[in-house]
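Student: need a structure here:
(4 chains)
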There are 2 protein chains.
Amino acid sequence: MPGRAEHVKFIMINMTNMKKSGSGMSKSLRRAPPKRSDWVAEQIKTWIAVEGLSPGDRLPQEKALIDRFGVSKGTIREALKSLEVQGLVRVSTGPKGGATVASVSVDRSTQLLANYFYFQDLAIDQVYAVRRLLEPELAALVADRLTETDFQALEASIGLCSCAPADKQMTYRQRLAELDFHDVLANACPNPLLAFNCRFINALLRDCTVFRKLYADPDDGDIPSDVHRLAEDGLAAHRRLLDAFRRRDAEAARREMHDHILRAEQNMAALEAVIERRFIDEPHRVDLAAPANKPLA
Amino acid sequence: MPGRAEHVKFIMINMTNMKKSGSGMSKSLRRAPPKRSDWVAEQIKTWIAVEGLSPGDRLPQEKALIDRFGVSKGTIREALKSLEVQGLVRVSTGPKGGATVASVSVDRSTQLLANYFYFQDLAIDQVYAVRRLLEPELAALVADRLTETDFQALEASIGLCSCAPADKQMTYRQRLAELDFHDVLANACPNPLLAFNCRFINALLRDCTVFRKLYADPDDGDIPSDVHRLAEDGLAAHRRLLDAFRRRDAEAARREMHDHILRAEQNMAALEAVIERRFIDEPHRVDLAAPANKPLA
DNA sequence: CCCAATTTGTTCGTATGTATC
DNA sequence: AGATACATACGAACAAATTGG
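Tutor: Alright, predicted model coming up:
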């Protein structure tokens, strides 16, 4: 028995939602009884919470879970699949394999939340109505927190947007680079809720049809002049923002960002941009912008 | 053959992310090859998008999917489980059973997003920092949209909070009713993104330990006087808000909400309230507040 | 109310693939 | 390179739930 610390002990919790379907509920209101796999998934989830497991901690392996819950392999696999989709566990094969707790990634959460808005047909001005509220605060919050690495990433974005776009492909990549600028700020934000909201909005904006058409038909037709105005406007604003950040002037950054978003909103309206109705698979990002907040040696 | 419209035709899409693991990627960077069930789930998802299926539309049944994708029953079930967890499909047994497309519910999205923040230890003042930005705008937006039904729900919340709390249990329910007040506003909001953000924040605030302790130990100890101050403050603010709404005065509503959130934030700070680190199962709501936006006959 | 058909839910046995030592 | 330990996948059989007569 190689490692006794690996043996985990399960705490069976009285599930409040495992109430018998009997009582006095009318038939139409009665929720369907949970499937066994869902029940197992909930058990494991509460177990993670009760034990206070951290990302990287190992869960029992399939065989152990089968014994513990008295269900079959298939059921356990469905439960693990559920947790895997939620991003809570990662499961791998081989010796030392099995399910390990994972911290839910931003990308995963973004995908899952984007599923919700898939059915809500969100207009772009509605996105900007929220963005207008959040981004100025974000700018003010990160002004005295941006590192030299962050500045380099911001400059990389500005640099990429400074060139005259040679073709549609380039124009599309410049739009992505603009959003990367804002992602750098979100990544530097100490407020996880504000940071996620801003990053999510950026992910939504990556899916504007106007821009994705540049991506889809790189050889077809001209670039609308409104796009050029949007680009020049945005570039100038980003330069002023970077300047404010360098001066560590939070209030100036807030003001610049406020103006920037307002003008961008107007330009987007002129473009009649709309959010494309699609599931987000992997966020499109340009590879030139260096990952932020990673201290470079 | 009872219904020929039931026969669905599949469109196999070239999956861009199904690239062979071969090329020039270094071993450490190489992502794990997708499992069959994940691949099937992606296929079905893109199929939903391409066909433009709407909630309620039926997917092929297990047997048909097995034939279509050439995988086993277990694999199909894992794929369906994935989509079910994401909230995209609902599957039922019996004749006419099978998987149907579902619009992702708010509660499901809230749960999934809450998983992300479980590992981010979010402080309550950070939640309020965002709430302060969003709620005033929400108030202004819904001022001329609230229906008589909404007003009744708002008054139900105020009514419940107007009574002197008899015990801790009652105090806890009054806190929930306060949040229901804000949920009514969010439900009336025409901007889905703003509405979701506000509802999500409300869901987070339902999990403040200070309040959940009232719920957990209803007989133990006294209610802190700070809680009473928070309650009276909030009640007065809600009354002023309702008044502004009745007058359809958007700007007054914005101002009142701004002051309300600021004061609530200070009171919460005095209480040293923190967001409990737990998975959200089912949102706690008081049953007295009538569901909003449902025209009553 | 029960019965029968239909479709998902669950189980078991077995074989294959993959990572670790 | 080979043995081991683990998840992944398949297939067949049976159980449970829902619908409609």
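Student: can you verify A:Asp107 is assigned to a helix?
Tutor: Yes. Looking at A:Asp107 with DSSP: H, G, I helix; E, B strand; the rest coil, it is inside a helix.
Student: next one: it from DNA strand D, what distance?
Tutor: According to C-beta to the nearest atom of the strand, to the nearest Å, A:Asp107 stands 19 Å off from DNA strand D. Where C-beta positions appear, they are placed from N, C-alpha and C, glycine not excepted.
Student: count of neighbours near that residue?
Tutor: When neighbours are defined as other C-beta atoms under 10 Å in any protein chain shown, A:Asp107 has 15 of them.
Student: then the one 3 residues further on?
Tutor: Summarising burial for A:Thr110: neighbours were counted as other C-beta under 10 Å, giving 20.
Student: list the buried residues in stretch A:144-152.
Tutor: A:Leu146, A:Thr149, A:Asp150, A:Gln152 (16 or more other C-beta atoms under 10 Å in any protein chain shown).
Student: now stretch A:134-145
Tutor: Applying 16+ other C-beta under 10 Å to stretch A:134-145 flags A:Leu134, A:Glu135, A:Pro136, A:Glu137, A:Leu138, A:Ala139, A:Ala140, A:Leu141, A:Val142, A:Ala143 as buried.
Student: would a markdown table of those residues with secondary structure, distance to B:Val106 and pLDDT be doable?
Tutor: What follows is these, written out as a markdown table (DSSP: H, G, I helix; E, B strand; the rest coil; distance: C-beta to C-beta, whole Å; pLDDT from 0 to 100):
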| residue | secondary structure | distance to B:Val106 | pLDDT |
| --- | --- | --- | --- |
| A:Leu134 | helix | 20 | 98 |
| A:Glu135 | helix | 25 | 98 |
| A:Pro136 | helix | 27 | 98 |
| A:Glu137 | helix | 25 | 98 |
| A:Leu138 | helix | 25 | 98 |
| A:Ala139 | helix | 30 | 98 |
| A:Ala140 | helix | 30 | 98 |
| A:Leu141 | helix | 28 | 98 |
| A:Val142 | helix | 30 | 98 |
| A:Ala143 | coil | 34 | 98 |
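Student: which of the residues you listed are close to chain B?
Tutor: Restricting those to those near chain B by C-beta under 8 Å from any C-beta of the partner chain leaves A:Leu134, A:Glu137.
Student: tabulate the buried residues of stretch A:134-145 (CSV), appending distance to DNA strand C.
Tutor: Formatted as CSV, those follow (distance: C-beta to the nearest atom of the strand, whole Å):
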residue, distance to DNA strand C
A:Leu134, 40
A:Glu135, 41
A:Pro136, 46
A:Glu137, 43
A:Leu138, 39
A:Ala139, 43
A:Ala140, 45
A:Leu141, 40
A:Val142, 37
A:Ala143, 43
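Student: any chance of the buried residues of stretch A:134-145 in CSV, plus distance to A:Val101?
Tutor: Converted to CSV, those look like this (distance: C-beta to C-beta, whole Å):
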residue, distance to A:Val101
A:Leu134, 30
A:Glu135, 33
A:Pro136, 37
A:Glu137, 33
A:Leu138, 30
A:Ala139, 35
A:Ala140, 35
A:Leu141, 30
A:Val142, 30
A:Ala143, 35
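Student: quick check, A:Arg90 in a strand?
Tutor: Yes. Assessed with three-state DSSP, A:Arg90 lies in a strand.
Student: partner residues bridging it?
Tutor: Beta bridges link A:Arg90 to A:Thr100, judged by DSSP bridges.
Student: how many neighbouring residues does it have?
Tutor: Counted with other C-beta under 10 Å, the neighbours of A:Arg90 add up to 15.
Student: for A:Asp167, same thing?
Tutor: A:Asp167: 12 surrounding residues under other C-beta under 10 Å.
Student: quick one: which of the buried residues of stretch A:144-152 is nearest to B:Pro55?
Tutor: When those are compared for distance to B:Pro55 (C-beta to C-beta), A:Asp150 wins out at 42.1 Å.
Student: the closest one: helix or strand, and which one exactly?
Tutor: In this assignment (DSSP states H and E), A:Asp150 forms part of helix A:148-162.
Student: what helices and strands are in contact with that helix?
Tutor: Judged by 3 or more C-beta pairs under 8 Å, 6 or more residues apart in numbering or on different chains; DSSP states H and E, helix A:148-162 is in contact with helix A:168-187, helix A:225-246.
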